[in-house]
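> Need coordinates for the below:
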Amino acid sequence: MKVVSGNWKESRMANQTELSRSEKRHFEAKERILKVAYQLFIVESKYEDVTIREIARQADISTGFFYLCFKNKTSIFAELCRVHFEDAIKQLYENINTEKIGFNRLKVFVDFNTGIYFNRDGHRLNQLLKIVLPIDSDESAIQMLLHQIDAMYDILTDILIAGKNDGSIKYNEPPRKMAVLFFNSLQAFLQYTEGGTEKVRDSLFSGFECKELIDSIINIYFK
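Residues are numbered from 1 along each chain as shown. So this is what the prediction gives:
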């Protein structure tokens, strides 16, 4: 499997020593903007109520300098999602690589996505993905999300190929097609389940104690 870029802050900080003074100022301003924006979008307010002026004020920059860093609020949202998706996918690879058998890797994949969806361990992606963007938002966030979903398809395709090779996963359609069908069905199932009460969600998705339910979804496609 090809490992995607690592922790966003580590990779950025590694290059910071090579930046000029103006580039360093720009880099540090973007970091402050992202930190402030997440706090405002998720913790203190709602996405639709947050203004560029307020983000700039709390990030201690001018509104004009803000626009040198980001085009608009949607571009901030897209960058926040990209950052946390990359971090999540890196963790997913690490979890998958603890298993040798394809079917066990598939279970890890499902459990990991379940954990994000139901905010196990306070995963930030859960909160970000609940933000509803205005209908007139630019396409940067949509394109970023589609790219990350495609990355999930790639990971799942690799798992299915490995599982077929070791005999632990059975399917007849092309692996990419099966990956897309299965991942989309899993997401639809999770969205449906989220509509239930918190007690129901906890009973279904407490760690991997939901083995029977998860296995039933997997078995529909691969057994």
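> element containing the closest residue in space to residue 61 that isn't next to it in sequence?
Spatial nearest neighbour of residue 61, excluding adjacent residues (CB to CB, 6 or more residues apart in numbering): residue 29 at 5.2 Å. For glycine as for every other residue, the C-beta is placed from the backbone atoms N, C-alpha and C. Applying DSSP states H and E as the criterion places residue 29 in helix 21-38.
> So in the chain, where's the weakest helix or strand by average pLDDT?
Least confident helix or strand, the chain: helix 198-204 with a mean of 43, by mean pLDDT, DSSP states H and E.
> how about the residue most central in space within the chain, what does it touch?
Centrality entry for the chain: nearest residue to the mean C-alpha point is residue 85, 3.3 Å, by CA atoms, centre = their mean. Contacts for residue 85 (CB atoms under 8 Å, 6 or more residues apart in numbering) come out as 125, 144, 148, 151.
> And residue 69, by the same measure?
Contacts for residue 69 (CB under 8 Å, 6+ apart) come out as 26, 29, 30, 33, 61.
> Ignoring the adjacent residues along the chain, who's closest to it?
Residue 69's closest residue in space is residue 30 (CB to CB, 6+ apart), at 4.8 Å.
> same thing with residue 79?
residue 34 is the one closest to residue 79 (CB to CB, 6+ apart), at 6.4 Å.
> doesn't residue 78 make contact with the one you found?
No - between residue 34 and residue 78 there is no contact under CB atoms under 8 Å: 11.1 Å.
> re the thing from before, quick check, nearest of the contacts of residue 69 to residue 171?
residue 30 (43.5 Å; CB to CB).
> Tell me how many other residues crowd the closest one.
By the criterion of other CB atoms under 10 Å, residue 30 has 19 neighbours.
> can you pull out the helices in the protein?
Along the chain, the stretches classed as helices by DSSP state H are 8-16, 21-38, 52-58, 63-69, 73-96, 102-117, 124-128, 140-166, 175-194, 198-204, 211-222.
> Put together a markdown table for those, with distance to residue 45 on each row.
Below are the helices of the chain laid out as a markdown table (distance: least, CB to CB, whole Å):
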| stretch | distance to residue 45 |
| --- | --- |
| helix 8-16 | 24 |
| helix 21-38 | 10 |
| helix 52-58 | 8 |
| helix 63-69 | 17 |
| helix 73-96 | 12 |
| helix 102-117 | 23 |
| helix 124-128 | 13 |
| helix 140-166 | 18 |
| helix 175-194 | 23 |
| helix 198-204 | 24 |
| helix 211-222 | 36 |
